[in-house]
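S.K.: Structure for the following, please:
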Amino acid sequence: MEIRSSNPVLSQKFWSNLTGTDRMTIDGSLRKIGYLLGLTVLSAFVSAVLALSTGDAMVITAMMGIGFMGGLVLALIVMFARPQNPAALMSLYAIFEGMAIGAMSIMYEAVYDGIILQAAFGTVGITATMYVMYQSRILRPTPTFNKVVFGLVISIVFLYLTSFFLTMFTGFDVPFLHSSGPIGIAVTAFILVVAALTLISDFGFIESGSKYGAPKNMEWYAA
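M.R.: Coordinates of the predicted model:
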């Protein structure tokens, strides 16, 4: 059966470029998710230790910038080059993201005490909630749903990149993006909702790929 995705990156041309005799499974996808998550956590820990040891705001900002930009470049390569075996690129992506997360966590912890622990518990809670909503069929990744979520994610990425470069080269920032006022809180809440909804698309991708026999290497894309 032909596998389809509403994500413009995962077009039929994308699927036809992937070959292999082994098939994608849910267990295999979960193992790769665990591996990449562990790599991200390890990288974040090392990054946080380095950030604490230096205590230099410019160094911490540079670590964040390198991490996020490196992750973005690798993500674009994976999406558009469609390598047959993206394991190495995905591993590097996890390391770069961990670097950015670790440095950013230390920066925000200095301003908002206890935010790292709150963010960790919040992430676990959101993931569990989205999984329950997916399993109970409250939310389903329909083609329209996936297209809307994909468009929102691209918009948010563009917004943060704009903010990053404005801050780096001009000293200005996008209004309300990092503020603690009502509008800033509303913007943050909206971004969190979009991030949570991407999990529904991810769950659907893993389920569909396993059900219709996608190639084994698609487990890396699912992760």
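
S.K.: Could you name the helices and strands sitting against the helix or strand Ile60 falls within?
M.R.: In this assignment (DSSP states H and E), Ile60 forms part of helix 57-81. Judged by 3 or more Cβ pairs under 8 Å, 6 or more residues apart in numbering; DSSP states H and E, helix 57-81 is in contact with helix 26-54, helix 87-111, helix 143-169. C-betas here are computed from N, CA, C, even on glycine.

S.K.: so which of those gets nearest Ile191?
M.R.: Among the helices and strands packed on helix 57-81, the nearest to Ile191 by Cβ to Cβ is helix 143-169 (5.8 Å).

S.K.: Touching, Leu36 and Ala223? I think so.
M.R.: Yes: the pair Leu36 / Ala223 is scored as a contact, 5.2 Å apart, by Cβ atoms under 8 Å.

S.K.: Which residues are in contact with each of these two?
M.R.: Common neighbours of Leu36 and Ala223 are listed as Met90 (criterion: Cβ atoms under 8 Å, 6 or more residues apart in numbering).

S.K.: Pull out the buried positions in the helix holding Ile60.
M.R.: Neighbour-count burial for helix 57-81 flags 60-61, 63-65, 67-68, 70-72, 74-75, 78 (criterion: 16 or more other Cβ atoms under 10 Å).

S.K.: If we only consider these, which is nearest to Phe205?
M.R.: Nearest to Phe205 among those is Val78, at 14.2 Å by Cβ to Cβ.

S.K.: Give me the distance between the closest one and Asn85.
M.R.: 11 Å (Cβ to Cβ, to the nearest Å).

S.K.: Leu117 now?
M.R.: According to Cβ to Cβ, Leu117 stands 37 Å off from Asn85.

S.K.: same question, Ser155
M.R.: Counting by Cβ to Cβ, the gap from Ser155 to Asn85 is 31 Å.

S.K.: again with Tyr134
M.R.: Applying Cβ to Cβ, the value for Tyr134 to Asn85 is 28 Å.

S.K.: of those two, who's got more company?
M.R.: Legend: neighbour count by other Cβ atoms under 10 Å for Tyr134 and Asn85, higher for Tyr134 (19 against 11).
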